[in-house]
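Student: Sequence first, then the predicted structure:
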Amino acid sequence: MSYVVDFENVSTVGLESSPVSPALAGLRANEARYFRNKYDHVFTTEPADAAGAESVERVARILKEERDIEIASPALEATDFEVEGVRWTYVFYESGLSINVLYTLEPGGKRAVGFKLSDGMEVPEELAAFKFARQRSKLAGTIRGSFFVIKGEH
């Protein structure tokens, strides 16, 4: 069942099993607010083991092929959509990690993988090589983020 992410009344729906579920819900709401304000897009997620499985597999494949990274935490929710010629794929993990893939459909456009860590979670071992910058969010507290540029075609 899909969930329209509400950034005014933050809910942990679908994320309850995470030890940092309130912070992860805030992170998800922060993303929903960004897409509503910038693109007038309604951010909707699906359970990762149902409709979101294809998105989870896509992110896992890109991480493996680009950097030989395998995420240890189970995926809880995912979404995949296109706005203004950019395909976005998000996966929210039980550990509090959020991964997004920004993939411009035009050749030569921006293509990157972004990592965001929920407030209160440790950096996962598989991402220890990355440096994380901090940003404050009213919805999510302190978000730590990092990224890498995608070099291949996916």
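Tutor: Perfect, I can see it now.

Student: Please, where are all the strands along this structure?
Tutor: For the chain, the strands defined by DSSP state E cover 3-4, 44-47, 75-83, 86-93, 97-104, 111-117, 133-137, 141-149.

Student: Go through the third one and flag the buried ones.
Tutor: Judged by neighbour count using 16 or more other Cβ atoms under 10 Å, the buried positions of strand 75-83 are 75-81. C-beta: built from backbone N, CA, C; applies to glycine.

Student: and if you look at the second one?
Tutor: For strand 44-47, the neighbour count (16+ other Cβ under 10 Å) marks 45-47 as buried.

Student: Check what contacts that strand and list those residues.
Tutor: 1-5, 14, 28, 52, 55, 76-79, 81, 90, 92 (Cβ atoms under 8 Å, 6 or more residues apart in numbering).

Student: what about 7 Å?
Tutor: 2-5, 14, 52, 77-79 (Cβ atoms under 7 Å, 6 or more residues apart in numbering).

Student: Could you identify the least confident member of those residues?
Tutor: In terms of pLDDT, the lowest of the contacts of strand 44-47 is residue 52, showing 76.

Student: Next up, the contacts around that residue.
Tutor: By Cβ under 7 Å, 6+ apart, residue 52 lies in contact with 45-46, 77-79.
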